[in-house]
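**Q** structure for the following, please:
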Amino acid sequence: MCQHPSVSLDVRNVPRKYEMSDRSLKYMLCFIETVSSILKRLILSNSELGDSLFEQLGDVARYGMFAEKLNREYWNVISRCWYQKAADRNPDSGRIQHHLGVLSQSDPLQTLFFLTKALISMQPFSGSRVTVGRFFNDWPNLALQENSMATYFIAAHYVLLGGDSTERFMTFTNGFLSLLPSYMEHHGHQGQHTVYVMSCNFASVFGYHNPALMAVGSSQSQSGRTRQTNELGPANQKQACGVHLTFRTLSVLLQYSNGHNSVPAIHISLAFLWGLTCHHPFMERLEARVPWRAITRFLNSLITPNDDFPKIEDASFPAADDGAALQLPEDFLIRGQTWSQLYYPKGFFNGSGGSISIEVDSEQW
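**A** Below is the predicted model of the structure:
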């Protein structure tokens, strides 16, 4: 009411006089700390509550980003930490992947990875398409100015999502592929960025949540094989472009497979192909574009005289004799996606980060 045009100047100055805005933010921060403390105590009293409360803690911390803008990055880190814990508990939830994408703006490739993963998770979050459009609206123009691998790649996906011209898509794709080798050579990230790239490409193959295509890997029979989907629908230009981008990228990765940054992405690409072989109609649509000879050369290069072939060829999933962790970093990145459901044996991720370590300030309780 104090800001109504008809009120006097004295009434308009009431909020400033009594510092109402600053006081409201202080109360908000106090409320955030109190709620966080309560939720932490609930989780400590019953760890199973973490399945739902970790996400709530992430939501509460996001409010801190707006209430305390000077410490926005601090609250961002806290929120992402809670959302990551929630994602570990609920790997199939696309909504949580979307939350992580929104908070990953400092790394555009990671942002696109989370947002597209949200679309092809077992529990997809369709609102992620809108977020991609909001975050990357200017990237097609930026790609032509900056001439970087990430901008070309993101622009190519933005074109696929928005239905722009195929000519622009090919321009961005060729720019991305030409810069990818030097990017892998000079940027570390432990191969994570190449995994982000391939995961985004897999989303494009599935039409960014095309219901018919998403049936691949999402249902399985008692024998562990996917049921055949009778109607995949006709292949469209956008899906063909996604397939082109995916396997051209894989060809480049295989060409530079001696570099440690390419191996994680090759691993998930082989897992992706293995998953598609269980769905013959879909595989028949793609197999002509797969670089089979390059894959064969890569696999042959891995063979050494000391390899235990009986163990490799055994029906059971290979386990390390020394008790080392079975999971690789990229396993956690593709976990929860529709196509990866048949790849991992039951219980593969058990004990892989389920520990809870939360500090509770007793003075806040």
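**Q** what residues sit buried inside stretch 264-274?
**A** Buried residues in stretch 264-274, defined by neighbour count with 16 or more other CB atoms under 10 Å: 264-269, 271-273. (C-beta placed from N, C-alpha, C; glycine too.)
**Q** looking at the residues you listed, spot the one nearest Ser257.
**A** Using CB to CB, Ile266 comes nearest to Ser257 of these, at 6.2 Å.
**Q** contacting residues for the residue nearest to that closest one when sequence neighbours are not counted?
**A** Of all residues not flanking Ile266 in the chain, Leu253 sits nearest, at 5.3 Å (CB to CB, 6 or more residues apart in numbering). By CB atoms under 8 Å, 6 or more residues apart in numbering, Leu253 lies in contact with 194, 198, 262, 265-266, 269.
**Q** check what pLDDT Leu253 gets.
**A** Listed pLDDT for Leu253 reads 97.
**Q** what of Ser362?
**A** According to the prediction, Ser362 has pLDDT 37.
**Q** max-length helix in the protein?
**A** helix 20-45 (DSSP state H).
**Q** pop out the phi and psi values for the closest residue to Arg89 other than its chain neighbours.
**A** Distance criterion CB to CB, 6+ apart; nearest residue to Arg89, sequence neighbours excluded, is Asp51 at 4.8 Å. Main-chain dihedrals, Asp51, degrees, to the nearest 10: phi -60, psi -30.
**Q** could you do Leu161 as well?
**A** Here is the backbone geometry of Leu161 (degrees, to the nearest 10): phi -70, psi -30.
**Q** could you break this structure into its assigned domains?
**A** According to automatic domain parsing, the chain comprises the domains 23-90, 98-352.
**Q** can you redo the ones you listed as JSON lines with distance to Ser6?
**A** Formatted as JSON lines, the domains of the chain follow (distance: least, CB to CB, whole Å):
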{"stretch": "domain 23-90", "distance to Ser6": "24"}
{"stretch": "domain 98-352", "distance to Ser6": "37"}
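**Q** returning to what we had before: show me what the longest helix of the chain is packed against.
**A** helix 50-67 (3 or more CB pairs under 8 Å, 6 or more residues apart in numbering; DSSP states H and E).
**Q** before we move on, back to that, quick check: the residue nearest to Ile266 is in a helix.
**A** Yes. Assigned with DSSP: H, G, I helix; E, B strand; the rest coil, Leu253 falls within a helix.
**Q** wait, which of the contacts of Leu253 is closest to Val132?
**A** Nearest to Val132, judged by CB to CB, of the contacts of Leu253 is Met198 at 17.4 Å.
**Q** wait, that closest one sits on Phe247?
**A** No. Met198 is beyond contact range of Phe247, at 10.4 Å (criterion: CB atoms under 8 Å).
**Q** these two: who's more crowded?
**A** Just comparing Met198 and Phe247: by other CB atoms under 10 Å the higher neighbour count belongs to Met198, 24 against 20.
**Q** next, count neighbours for the residue nearest to Ser340 when sequence neighbours are not counted.
**A** Once flanking residues are discounted, Ser340 sits nearest to Ile334: 4.8 Å by CB to CB, 6+ apart. Close neighbours of Ile334, defined as other CB under 10 Å, add up to 22.
**Q** gap between Ile334 and Phe169?
**A** Distance of Ile334 to Phe169, given as CB to CB, to the nearest Å: 25 Å.
**Q** circling back: of the buried residues of stretch 264-274, which pair is most distant in space?
**A** Going by CB to CB, the pair spanning the buried residues of stretch 264-274 furthest: Pro264 and Leu273, at 15.4 Å.
**Q** by mean pLDDT, flag the weakest helix or strand of the protein.
**A** helix 14-17 (a mean of 65; mean pLDDT, DSSP states H and E).
**Q** just want the most central residue of this structure.
**A** Phe114 (2.8 Å; CA atoms, centre = their mean).
**Q** circling back to that earlier point, mean pLDDT lowest where, among the domains of the chain?
**A** Mean pLDDT values for these show the minimum at domain 98-352, a mean of 85.
**Q** that domain spans what distance, first to last residue?
**A** 22 Å (CA to CA, to the nearest Å).
**Q** returning to what we had before: pull the contacting residues for the residue nearest to Arg89.
**A** By CB under 8 Å, 6+ apart, the contact list for Asp51 reads 86, 89-90.
**Q** how many residues are close by the nearest residue to Met28 once chain neighbours are set aside?
**A** Ranked by CB to CB, 6+ apart and with sequence neighbours excluded, the top spatial neighbour of Met28 is Ala67, at 4.4 Å. Applying other CB under 10 Å, we find 19 residues neighbouring Ala67.
**Q** one more: Val263?
**A** 17.
**Q** tell me who's in contact with it.
**A** By CB under 8 Å, 6+ apart, Val263 lies in contact with 191, 257.
**Q** just the one 5 residues further on next, same as before
**A** When contacts are counted by CB under 8 Å, 6+ apart, Ile268 touches 195, 198-199, 330, 333-334.
**Q** how about TSV for those residues, with secondary structure and distance to Leu177 added?
**A** Listed next are the contacts of Ile268 as TSV, based on DSSP: H, G, I helix; E, B strand; the rest coil; distance: CB to CB, whole Å:
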residue	secondary structure	distance to Leu177
Val195	helix	17
Met198	helix	13
Ser199	helix	17
Glu330	helix	21
Leu333	helix	22
Ile334	helix	22
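**Q** and which of the residues you listed is nearest Ile120?
**A** Nearest to Ile120 among the contacts of Ile268, counting by CB to CB, is Ser199 at 8.6 Å.
**Q** great, nothing more from me.
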